[in-house]
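A.B. asks: My questions are about this predicted structure, shown below with the sequence.
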Amino acid sequence: MMDYRNKLVLAPMVRVGTLPFRLLAAQYGADITYGEEIIDHKIIKCERRVNDVLGTTDIVEKGTDNVVFRTCPEERNRVVFQMGTSDAMRALKAAEIVCKDVAAVDVNMGCPKSFSISGGMGAALLSKPELIHDILTTLRRNLDVPITCKIRLLKDPQDTVELARRIEMTGVSALAVHGRKVPDRPRDPAKWNEIADVAAALSIPVIANGDVFEYEDFQRIRNVTGASSVMVARGAMWNASIFSSEGKTPWEDVKREYVRKSILWDNDIKSTKHTLKEMITHYSSLGRPEGLAVIKSNTLADLAKLYGEEEYYEYVSESRRKQQMK
Ligand SMILES: Cc1cc2nc3c(=O)[nH]c(=O)nc-3n(C[C@H](O)[C@H](O)[C@H](O)COP(=O)(O)O)c2cc1C
């Protein structure tokens, strides 16, 4: 069973948190790695397929080759599947499809995007404590993996604490708290003091999230909030080596390692491009030659060429061909 105390956690990130990025973060020291949020409606249209050529388990849309979630045994003990849902039975049906291959299942209760809210998901759940209770207890009673959820702060700090207590009573294994409120923008500072109120009120592990950009911030946010674990999103997206106690690896090296892992695990080209674009936007600019070349790339082979990894690409392709012939 997963232990949520004293952990460094890669946050869920849409289009970023796919298999190669999770393995990258883990290589640099992340203890727990969340996948990108996937909506329950999407998962229930999928089936589980073992991919012998890649050595992965794929959750694939039935009747297609569209991989919705890919994982591998190496991350089995630390990968968290995050789900978007607004219905307990549908959430259970979706979780049952993935739960054999992941360490835990998490419910997103923090997403402020209109897509989530209009579907009654994400932050829309924050104002429906009965529904939260229904979803979390249904998952917890019917599945063998730990269940957790991730929330944002409510307007009134007292209400956040109250909601967190109700969530704790459902028997979840941990609670992640993003220290922002629904109307807050990413540039608004995260309210670590309001995460502290929650951590003080609960006995299950609280995972503090918001504005961790350097390795030293892990200890700072722990000290201020009293939370046992820390989750980081943007800081990891920009440079996944934030998790390393030995200091950051130059982003050029991190980026190349990410490209290699994307090749090795045959990652979705859109996800790989999106993640590279986020890194480049932060450290450089998409208007420069590298950014423009990433935008123009259509395949992993194009990216391999751009980053001088053609040989590696050929080597991986060749081993795959041999594997397929077995
Ligand atoms: C690119 C991106 C994608 C995100 N996708 C998700 C998601 O799928 N599920 C979720 O709960 N939060 C998502 N978030 C929010 C982060 O998990 C995190 O709560 C937020 O960015 C604050 O952490 P930070 O200050 O370390 O970035 C996303 C954030 C970013 C930047």
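C.D. replies: Perfect, I can see it now. Owing to the predicted nature of the structure, the values given are computational and were not obtained by experimental measurement.

A.B. asks: Tell me which stretches of the stretch 101-250 of the chain form helices.
C.D. replies: In the stretch 101-250 of the chain, the segments counted as helices under DSSP state H, counting those that start in this stretch are 114-118, 129-142, 157-169, 192-201, 215-225, 234-238.

A.B. asks: Please tabulate those helices in CSV and include mean neighbour count as additional columns.
C.D. replies: To be clear about C-beta, it is placed using only N, CA and C from the backbone, and glycine gets the same treatment. Shown next, in CSV, are the helices of the stretch 101-250 of the chain (neighbours: other CB atoms under 10 Å):
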stretch, mean neighbour count
helix 114-118, 13
helix 129-142, 18
helix 157-169, 17
helix 192-201, 20
helix 215-225, 17
helix 234-238, 20
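
A.B. asks: and the ligand, which of the ones you listed is closest to it?
C.D. replies: helix 234-238 (3.5 Å; CB to the nearest ligand atom).

A.B. asks: returning to that earlier point: with distance to Asn108 added, can I get the helices of the stretch 101-250 of the chain in CSV?
C.D. replies: Shown next, in CSV, are the helices of the stretch 101-250 of the chain (distance: least, CB to CB, whole Å):
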stretch, distance to Asn108
helix 114-118, 7
helix 129-142, 11
helix 157-169, 13
helix 192-201, 17
helix 215-225, 21
helix 234-238, 17
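
A.B. asks: For those, could you give me TSV that also reports distance to the ligand and mean pLDDT?
C.D. replies: As requested, the helices of the stretch 101-250 of the chain are exported to TSV (distance: least, CB to the nearest ligand atom, whole Å; pLDDT from 0 to 100):
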stretch	distance to the ligand	mean pLDDT
helix 114-118	9	89
helix 129-142	15	97
helix 157-169	15	98
helix 192-201	11	98
helix 215-225	9	98
helix 234-238	3	98
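
A.B. asks: Tell me which of these lies nearest to His41.
C.D. replies: helix 114-118 (11.9 Å; CB to CB).

A.B. asks: So what touches that closest one?
C.D. replies: With contact meaning CB atoms under 8 Å, 6 or more residues apart in numbering, helix 114-118 is reached by Gly84, Asn108, Cys111, Gly122, Ala123, Ala124.

A.B. asks: Out of the residues you listed, which is nearest to the ligand?
C.D. replies: Ranked by distance to the ligand (CB to the nearest ligand atom), these are led by Asn108 at 4.2 Å.

A.B. asks: Show the contacting residues for the closest one.
C.D. replies: Going by CB under 8 Å, 6+ apart, Asn108 touches Pro12, Glu37, Gln82, Met83, Gly84, Ser116, Met121, Gly122, Cys149, Lys150.

A.B. asks: ditto for Ile32
C.D. replies: Contacts of Ile32 (CB under 8 Å, 6+ apart): Met2, Tyr4, Lys7, Leu8, Val9, Leu10, Arg78, Val80, Ala103, Ser229.

A.B. asks: Repeat the analysis, applying 6 Å as the threshold.
C.D. replies: Lys7, Val9, Arg78 (CB atoms under 6 Å, 6 or more residues apart in numbering).

A.B. asks: how close does Met89 get to the ligand?
C.D. replies: 22 Å (CB to the nearest ligand atom, to the nearest Å).

A.B. asks: Just the element for that residue, please.
C.D. replies: helix 88-98 (DSSP states H and E).

A.B. asks: Now that helix: average pLDDT?
C.D. replies: For helix 88-98, the mean pLDDT works out to 98.

A.B. asks: by contact count, what packs against it?
C.D. replies: For helix 88-98, the helices and strands in contact under the criterion 3 or more CB pairs under 6 Å, 6 or more residues apart in numbering; DSSP states H and E are helix 40-43, helix 129-142.

A.B. asks: To Ala95, which of the ones you listed lies closest?
C.D. replies: That would be helix 129-142 among these, by CB to CB, at 5.8 Å.

A.B. asks: Determine the angle, from 0 to 180 degrees, between that closest one and helix 88-98.
C.D. replies: 40 degrees (axes from the mean of the first three to the mean of the last three CA atoms, to 10 degrees).

A.B. asks: could you check the angle helix 157-169 makes with helix 129-142?
C.D. replies: Put simply, helix 129-142 runs at 30 degrees to helix 157-169, going by the same axes, to 10 degrees.

A.B. asks: neighbouring contacts of helix 129-142?
C.D. replies: Helix 129-142 has contacts (CB under 6 Å, 6+ apart) with Ala88, Ala91, Leu92, Ala95, Leu125, Ile147, Arg166, Thr170, Gly171, Val172.

A.B. asks: The third one: how many residues sit nearby?
C.D. replies: This points to Leu92. Around Leu92 sit 19 other residues, with neighbours defined as other CB atoms under 10 Å.

A.B. asks: what does the second one give?
C.D. replies: Neighbourhood size, Ala91 [other CB under 10 Å]: 25.

A.B. asks: Out of the contacts of Asn108, list just those in strands.
C.D. replies: Of the contacts of Asn108, the ones assigned to strands by DSSP state E are Gln82, Met83, Gly84, Cys149, Lys150.

A.B. asks: need the helix or strand of the protein with the lowest average pLDDT.
C.D. replies: When each helix and strand of the chain is scored by mean pLDDT, DSSP states H and E, helix 114-118 comes last, with a mean of 89.
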